[in-house]
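1. A predicted structure for the sequence below; I have some questions about it.
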Amino acid sequence: MTAGILALTALVLSACSVRDPGAESLETAIPAALIASDLGITASEAGSRVDGFSVNVWASAELEADTLDAAGLRTMLQLVTDNVDLSDVNTLSITASVGPVGSDTDYIDLGSLGAELGFDDEGDTRFSAPWDDVVDFLGE
């Protein structure tokens, strides 16, 4: 009985949000690609997390300018997807700020830009969409 409880506890804990072991390469590849682009990105971070049975890829970018257009977001989406070598990714989230992230950070409204591209607007400044929808969009 005790062994069964321990096994169940281990299974439940393993389903909690943890770092995805395949994230290391995208943690360097995505920021390098975003910074090397002509979007005026001065700093970037990226990673992935396993949340239950979902793999979530995220990226953040600091921009020199205080604006970005829908074409710029599309470029960001392309750069991120080109640099992810993970299977079974479920969602993609991107945030963009003007300068370093801090308590008085100004965020660029990527949610509205995503809506211009045909994605659902989550009602905040973050772009978030199912991975397959992003890949399908970029393939059109």
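-> Here it is on my side, so go on.

2. how about Gly40, what does it touch?
-> The neighbours of Gly40, taking Cβ atoms under 8 Å, 6 or more residues apart in numbering as the test, are Leu63, Glu64, Ala65. (Glycine included, C-beta is placed from N, CA and C.)

3. For the second one, grab the count of nearby residues.
-> Right, Glu64. 10 (other Cβ atoms under 10 Å).

4. about what we covered before: closest one of the contacts of Gly40 to Ala129?
-> Leu63 (20.1 Å; Cβ to Cβ).

5. Could you check how many residues crowd around that closest one?
-> Here the neighbour count serves as a burial measure; for Leu63 (other Cβ under 10 Å) it reads 21.

6. wait, isn't it in contact with Leu39?
-> Yes: using Cβ atoms under 8 Å, Leu63 and Leu39 qualify as a contacting pair, with a distance of 7.0 Å.

7. Would you mind listing the buried residues in stretch 117-135?
-> Neighbour-count burial for stretch 117-135, with 16 or more other Cβ atoms under 10 Å as criterion, is recorded at Phe119, Thr125, Arg126, Phe127, Ser128, Ala129, Trp131, Val134.
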